[in-house]
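Engineer: Predicted model and sequence follow; I will ask about them next.
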Amino acid sequence: MKVLVATEKPFAKVAVDGIRKEVEAAGYELALLEKYTDKQQLLDAVADADAIIIRSDIVDAEVIAAAKQLKIVVRAGAGYDNVDLEAATKAGVCVMNTPGQNSNAVAELALGMMVFAARNLYNGTSGTELKEKRLGIHAYGNVGRNVARIAKGFGMEVYAYDAFCPAEVIEKDGVKALTSVEELYETCQVVSLHIPATAETKNSINYALLNRMPKGALLVNTARKEVINEAEIVTLMEDRADFKYMTDIMPANHAEMQEKFPGRYFATPKKMGAQTAEANINAGIAAAKQIVDFVQNGNERFRVNR
Ligand code: 3PG
């Protein structure tokens, strides 16, 4: 049984050590493919893998076809839009994620980006505070909940909208549940995105929605770049000098955004929300454990394809 860790963006070493321990304790072999630059390297590495642990690495139909012995792919993290679920299901491959394991790390970065924007990208000028500002959490999943918890510590007024999470669950956390996405954007000066990239959400954060935000608006994206309508956010920021956009997922039009909106736009060079030793350990070891439990006991609790 061979478990391949294929991470273009590697885990912290301490996490890899933890994964190795789990895998070897089960009597399996661990293979590592880190920082690969070419898809062919991934295609070669998966050839004799029974299980693969990935992050945002693309596992498409070609990768699945090249992995003749593959039984399970675990995305060490939350979003699995990088895996071709249909191809995996057709090939009889189980796909799982590790929900919640990296969510505090992402939430801390979201709050960090809010402070960074409120203090004018730390340029020494007088900024604003988060206290008493209205924060809108767009989708109340594992990351959204952590953002709410931390934001309350900052003294923010926290609101959330989630199409699937019942209002009672949101309100139990002391967060005001709103009944429409439009209401969330109209109410809140700061919006933090936590929606997955799906056919329904792609391009959904558009001019009409963002323009509902009150004056001094800030959008923080630690979710996915695909959910943003990139052309329309440019037009919006041209029309509204008060609008700021901080993102952990560099958009395709990064150069244009940087040139047009200095001081109001920032993107990390590489998605780093989950780039902490703790998140790597939590998600990486959970992935290894889920593989062992799947192979030994058939546990499919975190399966995302059927
Ligand atoms: C996730 O979906 O878990 C986050 O976006 C983190 O992605 P990463 O593992 O590529 O950093």
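Structural biologist: The structure has been received and is ready for your questions.

Engineer: count of neighbours near the closest residue to the ligand within the stretch 51-200 of the chain?
Structural biologist: Distance from the ligand to each residue of the stretch 51-200 of the chain (Cβ to the nearest ligand atom) is smallest for residue 77, at 2.5 Å. Where C-beta positions appear, they are placed from N, C-alpha and C, glycine not excepted. When neighbours are defined as other Cβ atoms under 10 Å, residue 77 has 25 of them.

Engineer: Kindly report the same for residue 233.
Structural biologist: Each residue near residue 233 was counted by other Cβ under 10 Å, and the total is 24.

Engineer: Tell me which residues touch it, please.
Structural biologist: The contact partners of residue 233, by Cβ atoms under 8 Å, 6 or more residues apart in numbering, come to 205, 207, 210, 219, 245, 257.

Engineer: That one and residue 225: what is the separation?
Structural biologist: 11 Å (Cβ to Cβ, to the nearest Å).

Engineer: what does residue 43 give?
Structural biologist: With Cβ to Cβ as the criterion, residue 43 and residue 225 are 25 Å apart.

Engineer: Neighbour count: the two, which is higher?
Structural biologist: Of the pair residue 43 and residue 225, residue 225 is the one with more neighbours under other Cβ under 10 Å, namely 18 against 14.

Engineer: wait, isn't residue 219 in contact with residue 246?
Structural biologist: Yes. Counting by Cβ atoms under 8 Å, residue 219 touches residue 246, with 7.4 Å between them.

Engineer: Of those two, which one has the most company?
Structural biologist: residue 219 (27 against 24).

Engineer: Return the distance of residue 192 relative to residue 89.
Structural biologist: Distance, residue 192 to residue 89, by Cβ to Cβ: 33 Å.

Engineer: try residue 151
Structural biologist: Note on residue 151: its distance to residue 89, by Cβ to Cβ, is 38 Å.

Engineer: The two: which has the busier surroundings?
Structural biologist: Per other Cβ under 10 Å, whichever of residue 151 and residue 89 has more neighbours is residue 151, with 23 against 14.

Engineer: Was I right to think that one contacts residue 160?
Structural biologist: No. With contact defined as Cβ under 8 Å, residue 151 does not count as touching residue 160 (10.4 Å).

Engineer: Could you pull up the contacting residues of residue 240?
Structural biologist: By Cβ under 8 Å, 6+ apart, residue 240 lies in contact with 211, 217.

Engineer: where in the stretch 151-300 of the chain is pLDDT low?
Structural biologist: Along the stretch 151-300 of the chain, no part satisfies pLDDT under 70.

Engineer: What residues does it have near the ligand?
Structural biologist: Applying Cβ under 6 Å from any ligand atom, we find that the stretch 151-300 of the chain lies next to the ligand at 271, 273, 274.

Engineer: which residues does the residue lying closest to the last one once chain neighbours are set aside contact?
Structural biologist: The reference is to residue 274. Spatial nearest neighbour of residue 274, excluding adjacent residues (Cβ to Cβ, 6 or more residues apart in numbering): residue 102 at 3.9 Å. Contact analysis of residue 102 by Cβ under 8 Å, 6+ apart lists 76, 77, 78, 273, 274, 276, 279, 280, 282, 283.
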